[in-house]
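>>> fold the following for me, if possible:
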Amino acid sequence: MHGQLSTPQRQQSGNIRFTSNLLRSLGVVNDVLCFLISYQVAEGLYDVSLGYFYDPQIHRTGSIILCINYFLIRISRDGYSEFNGKGTDFGGGAMMDFILAASLTALVIIQLGMMREFSRGLAILFIASGLVLLFVSRILFRKAVKMLIRGGMVGQRLAIYGSSGDIINKTARLIDLEQLPHLKIIGFADDRNIALRDNNNSAGWDLPYLGGFESLLALAQSGHLDQVVLALPEIGKDRFRDIAEQLSAASIDICALPREALELDNGYRVNFLGTLPVFAIWQQPIRDVDGLLKIGIDWTLAAIALFFLSPLLIATALLIKLESRGPVLFRQSRFGFNNKEIEVLKFRSMNVNKQDVSGSKRTERGDPRVTRVGRFIRRTSIDELPQLWNVLRGDMSLVGPRPHATMMRVEDNYYFDAVRGYTARHRVKPGITGLAQVRGLRGEIATIERARKRVEYDIYYIENWSPLLDFRIMIETLLKLVWDKNAY
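Numbering: from 1, shown residues only. Here you go, the predicted model:
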């Protein structure tokens, strides 16, 4: 049974409590210590191993320049926002920023003509030890943050002031999805619907009822509350202003959850147009420098692959020609970037008079339309290799959502009708391989559930793209070719 907090619990707390902003400052201190220690380690290792003479002042100056470059890059990318107690920063971004800072520093040294005065051995030891410490320190940092949160030194006690049980439950769920351990929801308050005390946990949440507005304000003024979230999507302007003004009498954080946050899916982001906050529901992915980087990787690797695989491509073409009449290549219209149709190339794996150019009929296990050569090249994905030419033409990428035939069906429904949000996967170029394919969703998709899962993986890939993710998918694709049972 939920009840109001008793009077003794409202006494002013004398404990020192910090918000999660402290973690960002500690993150900066953490990296400074990493660089100081790594330089001392590098000097010690250099002295006991190589031991050649070097000018300490020049090397320390170079290290300081490297560190300044690192912090400028890190802060410009808002890298320290990851230090929020969430435990998601494993040092990958910091290590990449450190390598970039080291590269920029090396260019400065070369430009100044000072490369001969620098010890390459000491520089390599410093960079290597710095990378190791950036990674290891984050593991230790996460443990320290957990201790600070458990000890009550870092954290915010949060209350929800809502208008209905459903709204309060949805708000609590959205906060929980953020996985911020420094936030602790201590309960909810509402003046207009006292019945919430009995039905507030109808959706699975068990939040204490704190009372009405006056009780909430008293709790804040007593020092037992740090933040209030106003979840009042249908509230009038005058009432909202009155609530905000009264709560401002207490030294707490006050924030409002907009109606859109309760109605939209979880995929939105809050951005700023200047100082104007907006909900970014969809954003153009893989753009600017990232877009150029992906194109460069695609063209380079596709050209290299075509060169080294040319004997295999020629042999496959000859085998197809020897077994059955018809063209070597199969051409099919599929959805590409921005939902536009592209012509995708494949080695022909079926008899000409039995193949389906529209793609409305799925290829099934033991499909009689497939030739003997076709069965082998489909099993080993050799039939997909002509799409390297699609990559060089700019129609496709090496990695991305697989392009679907325009008339492809699943459970007698067209793909774009069967799966909600399907067209969102066309915000990037389609790929020869993709995340869904290496997660077990390659080949025949016979059910709407599997079709939805494939699209979910495609959207995840788009929203979380990185060069490392592309390389990982390429490596997993090569490994999957050996024992993938879904290829036929």
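>>> which SSE is Phe126 in?
According to DSSP states H and E, Phe126 maps onto helix 120-150.
>>> which helices and strands does that helix pack with?
The helices and strands touching helix 120-150, judged by 3 or more CB pairs under 8 Å, 6 or more residues apart in numbering; DSSP states H and E, are helix 21-49, helix 56-76, helix 92-111. C-beta here means a position set from N, CA and C on the backbone, and glycine is covered the same way.
>>> now those in TSV, with distance to Pro467?
Output for those, formatted as TSV (distance: least, CB to CB, whole Å):
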stretch	distance to Pro467
helix 21-49	23
helix 56-76	17
helix 92-111	10
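>>> among those, which comes closest to Met153?
helix 21-49 (8.5 Å; CB to CB).
>>> list the buried ones in the closest one?
22-24, 26-27, 30-31, 34-35, 38-39, 41-43, 45-46 (16 or more other CB atoms under 10 Å).
>>> before we move on, back to that, any chance of the helices and strands packed on helix 120-150 in TSV, plus mean pLDDT and distance to Phe118?
Formatted as TSV, the helices and strands packed on helix 120-150 follow (pLDDT from 0 to 100; distance: least, CB to CB, whole Å):
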stretch	mean pLDDT	distance to Phe118
helix 21-49	87	12
helix 56-76	88	7
helix 92-111	86	6
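>>> which among those is found nearest to Met350?
Counting by CB to CB, Met350 lies closest to helix 92-111 out of the helices and strands packed on helix 120-150; the figure is 44.0 Å.
>>> from the contact counts, what lies against the closest one?
Applying 3+ CB pairs under 8 Å, 6+ apart, we find helix 92-111 packed against helix 56-76, helix 120-150.
>>> gap between the spatially most central residue of the chain and Ile286?
The residue lying closest to the centre of the chain (CA atoms, centre = their mean) is Asn464, at 3.6 Å. Between Asn464 and Ile286 the distance is 11 Å, computed by CB to CB, to the nearest Å.
>>> same check, this time on Ile186
Using CB to CB, we find Ile186 at a distance of 42 Å from Ile286.
>>> what do you get for Ala231?
For Ala231, the distance to Ile286 - CB to CB - is 35 Å.
>>> just want to know which of the two has more residues nearby.
The residue with more neighbours, out of Ala231 and Ile286, is Ala231; 27 against 18, by other CB atoms under 10 Å.
>>> is the more buried one in a bridge, and if so with what?
For Ala231, the beta-bridge partners are Gly162 (DSSP bridges).
>>> who's in contact with it?
Residues in contact with Ala231 (CB atoms under 8 Å, 6 or more residues apart in numbering) are Ile160, Tyr161, Gly162, Ser163, Ile167, Ile168, Lys170, Thr171, Leu257, Leu262.
>>> and with 6 Å instead?
Ala231 is in contact with Ile160, Gly162, Ile167, Thr171, Leu257, counting by CB atoms under 6 Å, 6 or more residues apart in numbering.
>>> now, those that are in strands?
Taking DSSP state E as the definition of strands, the contacts of Ala231 contribute Ile160, Gly162.
>>> make CSV from the contacts of Ala231 and add distance to Glu456 to it.
Rendered in CSV, the data for the contacts of Ala231 read as follows (distance: CB to CB, whole Å):
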residue, distance to Glu456
Ile160, 30
Gly162, 30
Ile167, 27
Thr171, 25
Leu257, 26
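>>> now the contacts of Ala231 in JSON lines, with pLDDT and neighbour count?
Converted to JSON lines, the contacts of Ala231 look like this (pLDDT from 0 to 100; neighbours: other CB atoms under 10 Å):
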{"residue": "Ile160", "pLDDT": "90", "neighbour count": "27"}
{"residue": "Gly162", "pLDDT": "84", "neighbour count": "28"}
{"residue": "Ile167", "pLDDT": "83", "neighbour count": "21"}
{"residue": "Thr171", "pLDDT": "85", "neighbour count": "24"}
{"residue": "Leu257", "pLDDT": "83", "neighbour count": "19"}
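>>> and of the contacts of Ala231, the nearest to Tyr70?
Nearest to Tyr70 among the contacts of Ala231 is Leu257, at 36.4 Å by CB to CB.
>>> give me the nearest residue to the closest one, chain neighbours excluded.
Nearest non-adjacent residue to Leu257, counting by CB to CB, 6 or more residues apart in numbering: Ala231, 4.8 Å away.
>>> okay, now the domains of this protein?
For the chain, automatic domain parsing gives the domain ranges 7-16+155-280, 21-150, 289-483.
>>> now the shortest one, how far from the chain's geometric center?
In terms of CA atoms, centre = their mean, to the nearest Å, the centre of domain 21-150 is found 24 Å from the chain centre.
>>> now do the last one
For domain 289-483, the separation from the chain centroid amounts to 24 Å (computed by CA atoms, centre = their mean).
>>> helix, strand, or coil at Leu210?
What DSSP: H, G, I helix; E, B strand; the rest coil gives for Leu210 is strand.
>>> which ones are touching it?
Contact partners of Leu210, counting by CB under 6 Å, 6+ apart, are Ala159, Gly187, Ala189, Leu216.
>>> if I pick the last one, what's in contact with it?
Okay, so that is Leu216. Counting by CB under 6 Å, 6+ apart, Leu216 touches Ala189, Leu210.
>>> re earlier: go through the buried residues of helix 21-49 and name the one nearest Val278.
The closest of those, once distances to Val278 are taken by CB to CB, is Arg24, at 24.2 Å.
>>> which residue packs closest to the closest one, ignoring adjacent ones?
Take Arg24 and drop its neighbours on the chain: the residue closest to it by CB to CB, 6+ apart is Tyr80, 4.4 Å away.
>>> so the one you found is in contact with Val29, correct?
No: under the criterion of CB atoms under 6 Å, Tyr80 makes no contact with Val29, lying 10.5 Å away.
>>> go through this structure and flag its longest helix.
The residue-count maximum for a helix in the chain (DSSP state H) belongs to helix 289-323.
>>> for it, packing partners?
Here helix 289-323 touches helix 372-379, helix 387-393, strand 397-399, going by 3 or more CB pairs under 6 Å, 6 or more residues apart in numbering; DSSP states H and E.
>>> repeat that with 8 Å
In this structure, helix 289-323 makes packing contacts with strand 341-347, helix 372-379, helix 387-393, strand 397-399, helix 467-483, judged by 3+ CB pairs under 8 Å, 6+ apart.
>>> what pLDDT, on average, does that helix get?
In this model, helix 289-323 has a mean pLDDT of 93.
>>> now do the nearest residue to Gly212 once chain neighbours are set aside against Ile304, distance only.
Excluding its sequence neighbours, the residue lying closest to Gly212 (CB to CB, 6+ apart) is Asp191, at 4.2 Å. Distance from Asp191 to Ile304, counting by CB to CB: 69 Å.
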